[in-house]
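>>> got a predicted model here, sequence first, then my questions.
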Amino acid sequence: MSSHQVIIIGAGIAGAATAWSLKQAGVDDILIIEQEAHAGLHSSSRNAAILRTAIEQPALTQLAIESADFYRNATSSFSAQPLIDEVGLFITAEKDSSAQWMPSSPNSSVSEIRAHYPDFTDQDIDVWHFANEGTLDIHGLLQSFLQGQTVRNNCKVDELLFNNDIATGVRCGDEEIYAQQVVIANGGWANHLCSRTGLNQPFRPHRRHLMVSGPLTQIVHDLPVVWSTGSNEFYFRPESGGLLISACDHELVDPHYGENIDPKIIELFAKKTEYWLPGLSDIQPKHLWSGLRTFSPDNNFVVGPDPSINNLYWAAGLAGHGMTCAYAVGQMLSAWMCDKKCTHPSANDLLPQRLVDIPRLASI
Ligand SMILES: Cc1cc2nc3c(=O)[nH]c(=O)nc-3n(C[C@H](O)[C@H](O)[C@H](O)COP(=O)(O)OP(=O)(O)OC[C@H]3O[C@@H](n4cnc5c(N)ncnc54)[C@H](O)[C@@H]3O)c2cc1C
C-alpha cells in the first residue's frame, strides 16, 4: 500500500498538464497512473495537432488563447524546441452562415487559400486568417508537461476508493493506492469511473478518423492549415510531404472501439475531398487512423471539483481542443485543488456541477 498527495488517473495531455501545474504550485508528491505501457498513447497522440483558438464555445476560446500564449512564449526549461509552428490557419464558413461565434469579421478570401492550395474550391465563402496559429508539437508538449513527474505505466485503475463522501484513493487490481486528492483525467473512459461520484456518466466519446496521403508534388511543410466549418466540415494541412485530412466524422462509440477504423470512412474522405479540393479528388490514404474526442452534453470541458465527493476532481471531456487548451486546463484544476477556488472567467462554465442532472446515455 502506498500513499501520495495526489493521484492523477490517465497520462494523456489532461493528466500531464494538471500534474505540471500542480508541481508549479508546490505539490511534489504526485502519482500519475496510466493503464498503457506509455503516456499519451490514445487521443493525445492520435490527433491532428492543430492549434486553433476560434472555438464555438466562448469559454474554450479563452482557454485556447491563454494556452497558445503560454506555448508561444514557453521558456527553454519547459521546452527546448518551439511548440508552435505558426504556419497560419484559415477558417472558412458558408456565406452569412451561423459562424457568429467567430471572433471577428472575415479578413481573408478563397483566393488567398488558393494561392497556397490551387486545388481548393473556388466557392464564394467567408474566410478568416489567423497568422499566428498553425500546428503544435504534440509529443514535445506532452513530454514537457511530464518532465520530472512519476508515471506508473501498465496500471489500470479499476475503481475509486471512498470513505463516506471523501475520495481516498484508487484500486488497481489487488492493490490499493491512497491519496489526499484524486483527479480523473482518463479521456474517453471517464464514464467508467463515475460510480459513486456526483456524475452519472455524462461523457460522450466520439470517434474521428484522420488520413495522411502519400507525397504530393506541390505540398511543402510550411503551408497553412485550412479548416472548413459548417455542414460539410473538413480540414487539412501538410504532413510528411502529403496532406493530413479529416472528413470530420463524428460517431458516438463505445470507447473500446474508438481506435477501430470504419471501412466506410474512405467513401467520406473521397466525397469531401472532391468537394473541397476538387483537383485532388483521387487522393488515397497512405496512413489512416482514428481516435476519441470525448464531449460533455454542452461541449464545454469538465474541469473542477466533483459535485458530491470531496477531494475528487475532474479534467475530462476535452473534446476536439484538448491539445490546444491543455495548459489552461491544468492551471484551472490546480487552482481548484490548491486554493479551493478558481477565479478564471471560464471556471463556472466548466464546473462538473452543471452536469448533475444529465441522464446517463444508455448505449455507452
Ligand atoms: C482525430 C482527432 C483529432 C484531433 N485534433 C485535435 C487538434 O487538432 N487540436 C487539439 O487541440 N485537439 C485535437 N483533438 C482532441 C485532443 O486529442 C483531445 O482533446 C485530448 O487528447 C484529450 O486528452 P485526454 O488526456 O483527456 O485523453 P487521452 O489522451 O485519451 O488520455 C487519457 C489517458 O487515460 C488512460 N486511462 C483511461 N482509463 C484508465 C484507467 N482506468 N486507469 C489508468 N489509465 C487510464 C488512457 O490510457 C489514456 O492514456 C483531436 C482528437 C482526435 C481524436
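Perfect, thanks for sending it.
>>> quick check: nearest residue in space to residue 218, chain neighbours excluded?
residue 118 (7.2 Å; CB to CB, 6 or more residues apart in numbering). (Glycine included, C-beta is placed from N, CA and C.)
>>> ok, the one you found to residue 86 distance?
23 Å (CB to CB, to the nearest Å).
>>> neighbour count winner among the two?
Using other CB atoms under 10 Å as the criterion, residue 118 and residue 86 rank with residue 86 on top: 17 against 11.
>>> from memory the more buried one sits against residue 131, does it?
Yes - the pair residue 86 and residue 131 qualifies as a contact (CB atoms under 8 Å) at a distance of 7.0 Å.
>>> how many residues are close by residue 287?
If we define neighbours as other CB under 10 Å, then residue 287 has 13 of them.
>>> that one in helix, strand or coil?
Three-state call for residue 287 (DSSP: H, G, I helix; E, B strand; the rest coil): strand.
>>> rounded mean pLDDT for the longest helix seen in the chain, please.
Once the chain is assigned using DSSP state H, the helix that runs over the most residues is helix 322-339. For helix 322-339, mean pLDDT rounds to 98.
>>> about what we covered before: these two touch, right, the residue nearest to residue 218 and residue 280?
No - the pair formed by residue 118 and residue 280 falls short of the contact definition of CB under 8 Å, at 10.0 Å.
>>> can you give me the helices for this structure?
Using DSSP H, helices in the chain cover 13-24, 58-72, 110-116, 138-146, 265-276, 322-339, 347-350.
>>> of the ones you listed, which is nearest the ligand?
helix 322-339 (2.2 Å; CB to the nearest ligand atom).
>>> flag every buried residue along that closest one.
322-338 (16 or more other CB atoms under 10 Å).
>>> residue numbers of the stretch 51-200 of the chain in contact with the ligand?
156, 157, 185, 186, 187, 188, 189 (CB under 6 Å from any ligand atom).
>>> out of these, who's nearest residue 25?
residue 185 (16.4 Å; CB to CB).
>>> quick check, residue 287 in contact with residue 209.
No - judged on CB under 8 Å, residue 287 makes no contact with residue 209 at a distance of 10.8 Å.
>>> which residues touch the spatially most central residue of the chain?
In the chain, the residue lying closest to the centroid (CA atoms, centre = their mean) is residue 322, at 2.2 Å. Residues near residue 322 by CB atoms under 8 Å, 6 or more residues apart in numbering: 12, 13, 14, 43, 44, 47, 301, 329.
>>> okay if I get those residues as JSON lines plus distance to the ligand?
JSON lines is the format used below for the contacts of residue 322 (distance: CB to the nearest ligand atom, whole Å):
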{"residue": "12", "distance to the ligand": "2"}
{"residue": "13", "distance to the ligand": "4"}
{"residue": "14", "distance to the ligand": "3"}
{"residue": "43", "distance to the ligand": "3"}
{"residue": "44", "distance to the ligand": "3"}
{"residue": "47", "distance to the ligand": "3"}
{"residue": "301", "distance to the ligand": "9"}
{"residue": "329", "distance to the ligand": "9"}
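>>> quick one: which of these is nearest residue 355?
Using CB to CB, these come closest to residue 355 at residue 301, 11.3 Å.
>>> close to the ligand: what parts of the stretch 251-364 of the chain are there?
291, 292, 293, 318, 319, 320, 321, 322, 323, 324.
>>> could you rerun that using 8 Å?
For the stretch 251-364 of the chain, the residues in contact with the ligand (CB under 8 Å from any ligand atom) are 258, 289-294, 315-326.
>>> how near is the closest residue to the ligand within the stretch 101-250 of the chain to residue 258?
Nearest to the ligand, among the residues of the stretch 101-250 of the chain, is residue 187, at 2.6 Å (CB to the nearest ligand atom). Using CB to CB, residue 187 is found at 9 Å from residue 258.
>>> which neighbours do those two have in common?
By CB under 8 Å, 6+ apart, the residues touching both residue 187 and residue 258 are 42, 292.
>>> give me the more crowded residue out of these two.
Neighbour count, other CB under 10 Å: between residue 187 and residue 258, residue 187 has more, with 28 against 23.
>>> go ahead and confirm that one touches residue 43.
Yes - if you go by CB under 8 Å, residue 187 and residue 43 touch, sitting 5.4 Å apart.
>>> which neighbours do these two share?
Residues touching both residue 187 and residue 43 (CB under 8 Å, 6+ apart): 12, 292, 294, 318.
>>> my read is that the first one contacts residue 47, right?
No - taking contact to mean CB under 8 Å, the distance of 10.3 Å between residue 12 and residue 47 leaves them out of contact.
>>> more neighbours, those two?
With neighbours defined as other CB under 10 Å, residue 12 and residue 47 compare such that residue 12 has more, 28 against 22.
>>> and the more buried one, how far from residue 191?
As judged by CB to CB, residue 12 and residue 191 stand 16 Å apart.
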